[in-house]
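Colleague: Return a 3D structure for these sequence lines:
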Amino acid sequence: MQKGKPFIRYSIVAIVIVAGFIVFGTQKENSPAYSPRDYAEIVQSGVLRAVTEYNAISYHINRDTLQGFDYELLNAFASDKHLKLEITPEMSFEKRLAGVTKGKYDLLATGTVITSQSKDTLLFTRPLTLSKQVLVQRKPENKQDSTYIRSQLDLAHKQLHVIKGSPALLRLHNLISEIADTIYIQEVEQYGPEQLLAMVAGKDIDYAVCDESIARSLQERFPNLDINTAISFTQFYAWGVNKHSPALLDTLNHWLERYSKTASYKKLYNKYF
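Modeller: Coordinates of the predicted model:
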């Protein structure tokens, strides 16, 4: 991957985000000894530990206030169950997944696509949203712009930047087989979707793959971006818990079933989608 000044610039952005987490008191546990907990143990401790991603949909800082669909929904759940909520933002999908499977976190509280592969690792709640993976590229400068992708077939021999460990990788490998040609995939570990969109908009890279909901929420900030080429079909997104936490899953599902019918939930959903 390119290592020049643009990447230094986006690293600075990442550092600023981390500094914001510290300012707002986001806590990370220091003890290396963890084991998966089910709902009874969580209630006994009085603390629900969740991990999420810092992005425009899940969890972010807006004018000195923590916001986000997943953050606000999870906060409502914790409040209703009289639990103290501890949220850790983690940009790496692999680290989020490992944290839940090892028991460091009780809940993966960011919209995660439900696939046969992801269901082998986690138990998923009822679907929270529908979305798909899209190609992020710049709008064509003219009709002869050779960098603009008009169909999935045009992806042959192009380099796509994807967050390391993202579920989109499975779809991209399937797409390589479907078009019977090579697509170069560059996995990015240190950045989240917002940084990838900024890099495409700034011409530091040409293409990225991102969740459509997140990309659409950032379109006003990056008006030169095009996100109209789908990479995947529309899929279900949900929260995930450890395979050893079936009671926590049942509690979340029963609560989500009830809360999703309230005016508060409809207001929250419309705020972000």
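Colleague: and the end-to-end length of stretch 249-268?
Modeller: 22 Å (CA to CA, to the nearest Å).
Colleague: Please identify the buried residues of it?
Modeller: 249, 251, 252, 253, 255, 256, 265, 268 (16 or more other CB atoms under 10 Å). The way it works is simple: take the backbone N, C-alpha and C, and place the C-beta from them, glycine included.
Colleague: export those residues to a markdown table and tack on secondary structure, distance to residue 170 and pLDDT?
Modeller: Converted to a markdown table, the buried residues of stretch 249-268 look like this (DSSP: H, G, I helix; E, B strand; the rest coil; distance: CB to CB, whole Å; pLDDT from 0 to 100):
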| residue | secondary structure | distance to residue 170 | pLDDT |
| --- | --- | --- | --- |
| 249 | helix | 23 | 98 |
| 251 | helix | 30 | 98 |
| 252 | helix | 25 | 98 |
| 253 | helix | 25 | 98 |
| 255 | helix | 30 | 98 |
| 256 | helix | 26 | 97 |
| 265 | helix | 31 | 96 |
| 268 | helix | 30 | 95 |
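Colleague: what's the closest of the residues you listed to residue 44?
Modeller: Proximity to residue 44 was ranked across these by CB to CB; first place goes to residue 251, at 13.8 Å.
Colleague: isn't the closest one right next to residue 43, touching?
Modeller: No. Between residue 251 and residue 43 there is no contact under CB atoms under 8 Å: 9.2 Å.
Colleague: joint contacts of those two?
Modeller: Contact criterion CB atoms under 8 Å, 6 or more residues apart in numbering; residues bridging residue 251 and residue 43 by contacting each: residue 81.
Colleague: so residue 71 sits right up against residue 59, yeah?
Modeller: Yes. The criterion here is CB under 8 Å, and residue 71 meets it with residue 59 at 4.4 Å.
Colleague: Give me the more crowded residue out of those two.
Modeller: Using other CB atoms under 10 Å, the more surrounded residue of residue 71 and residue 59 is residue 59, with 26 against 21.
Colleague: In contact with the nearest residue to that one once chain neighbours are set aside, which residues are there?
Modeller: Residue nearest to residue 59 in three dimensions, not counting chain neighbours: residue 68, with 4.0 Å by CB to CB, 6 or more residues apart in numbering. Residues counted as contacts of residue 68 (CB under 8 Å, 6+ apart) are 52, 55, 56, 57, 58, 59, 60, 272.
Colleague: which one of these is nearest residue 168?
Modeller: Distances from residue 168 to those, taken by CB to CB, are shortest for residue 55, at 14.3 Å.
Colleague: re earlier: so what sits against both of residue 71 and residue 59?
Modeller: Shared contacts of residue 71 and residue 59, defined by CB under 8 Å, 6+ apart, are found at 52, 87.
Colleague: for the helix or strand containing residue 239, packing partners?
Modeller: Element membership of residue 239, judged by DSSP states H and E, is strand 235-241. With contacts taken as 3 or more CB pairs under 8 Å, 6 or more residues apart in numbering; DSSP states H and E, strand 235-241 sits against strand 107-113, strand 123-124, strand 129-131, helix 246-259.
Colleague: export those to JSON lines and tack on distance to residue 211?
Modeller: Below are these laid out as JSON lines (distance: least, CB to CB, whole Å):
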{"stretch": "strand 107-113", "distance to residue 211": "7"}
{"stretch": "strand 123-124", "distance to residue 211": "16"}
{"stretch": "strand 129-131", "distance to residue 211": "6"}
{"stretch": "helix 246-259", "distance to residue 211": "20"}
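Colleague: so which of those gets nearest residue 168?
Modeller: Among these, strand 107-113 sits nearest to residue 168 (CB to CB), with 8.1 Å.
Colleague: partners of that closest one, with directions?
Modeller: Note on strand 107-113: by DSSP bridges, its sheet partners are strand 47-52 (parallel), strand 235-241 (antiparallel).
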